[in-house]
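Enquirer: Just need the structure, nothing else, for what follows:
(2 chains)
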Amino acid sequence: NAGVTQTPKFRVLKTGQSMTLLCAQDMNHEYMYWYRQDPGMGLRLIHYSVGEGTTAKGEVPDGYNVSRLKKQNFLLGLESAAPSQTSVYFCASTDRIVGGYTFGSGTRLTVV
Amino acid sequence: AQSVTQPDIHITVSEGASLELRCNYSYGATPYLFWYVQSPGQGLQLLLKYFSGDTLVQGIKGFEAEFKRSQSSFNLRKPSVHWSDAAEYFCAVTYSGYSTLTFGKGTMLLVSP
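Expert: Sure thing, here's the model as predicted:
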């Protein structure tokens, strides 16, 4: 049982480049989330999904897009990367909010 | 809006000493509360959670937390800290009808010999 898998684990981008981060879960969870973690800022919600085909904006959605075409996958896209998007990105999923999230191990992204 | 405050950015505790990490939440409704731990370079792992019933909840790795509605608090405790407990700890909250958790900014625990 892999849980929540994030790919890639590390990536360096040049300003203006685009990329997609993939989150895959094998627990049949309805809810999926993308957070970013920056020093002293805790975890901030970028986008989330409450089911296949749905997405919603979180606290810091600007510069990111998401898609949930399949229940098990939640993709986070950066269309034109900026240095301010240098961060560690975490995906999480759950089947019941009151049960808490299961997190992936993170993607460390550096934009130069 | 739901929010969580962790007043301590860093805490240093001697190995074998007791630990208490503070967490305060805002909002009037009954909260669902969580504590997560993050070791360096790792994802977050759920330590314990509270959503109803007994206000003292037990978690993994010997941790416990007490929900105090009168103080809007959910403090994490451990009677005797081990060096392997050094990590960052996050408190989180949600409420009935919400689809997301809101996290505090975290408390970094350092364990001295």
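
Enquirer: going forward, measure contacts and count neighbours with C-alpha atoms only.
Expert: OK.

Enquirer: Could you check how many residues crowd around residue 10?
Expert: Reading this off chain A. 11 (other CA atoms under 10 Å in any protein chain shown).

Enquirer: Please refer instead to chain B.
Expert: Around B:His10 there are 12 residues (other CA under 10 Å).

Enquirer: before we move on, what about the one 5 residues further on?
Expert: Using other CA under 10 Å as the criterion, B:Glu15 is surrounded by 18 other residues.

Enquirer: For stretch B:55-69, give the mean pLDDT please.
Expert: The average pLDDT within stretch B:55-69 is 95.

Enquirer: Chain B contacts on chain A?
Expert: When proximity is defined by CA under 8 Å from any CA of the partner chain, chain A lies next to chain B at A:40-44, A:50, A:90, A:97-106.

Enquirer: Just the buried ones among the residues you listed, please.
Expert: Using 16 or more other CA atoms under 10 Å in any protein chain shown as the burial test, the residues of chain A next to chain B include A:42-44, A:50, A:90, A:97-106 as buried.

Enquirer: Filter those residues down to the ones in strands?
Expert: A:42-44, A:90, A:102-103 (DSSP state E).

Enquirer: separation between B:Ser39 and chain A?
Expert: The spacing between B:Ser39 and chain A, counted by CA to the nearest CA, to the nearest Å, is 11 Å.

Enquirer: Now do the contacts for B:Val37.
Expert: B:Val37 sits next to B:44-47, B:87-90 when contact means CA atoms under 8 Å, 6 or more residues apart in numbering or on different chains.

Enquirer: that older thread, which of the buried ones among the residues of chain A next to chain B lies closest to A:Thr5?
Expert: Checking these against A:Thr5 by CA to CA gives A:Gly104 as the nearest, at 5.5 Å.

Enquirer: How is the residue lying closest to A:Ser80 once chain neighbours are set aside assigned, secondary-structure-wise?
Expert: Closest residue to A:Ser80 apart from its sequence neighbours, by CA to CA, 6 or more residues apart in numbering or on different chains: A:Gly16 at 4.3 Å. With DSSP: H, G, I helix; E, B strand; the rest coil as the basis, the three-state label of A:Gly16 is coil.
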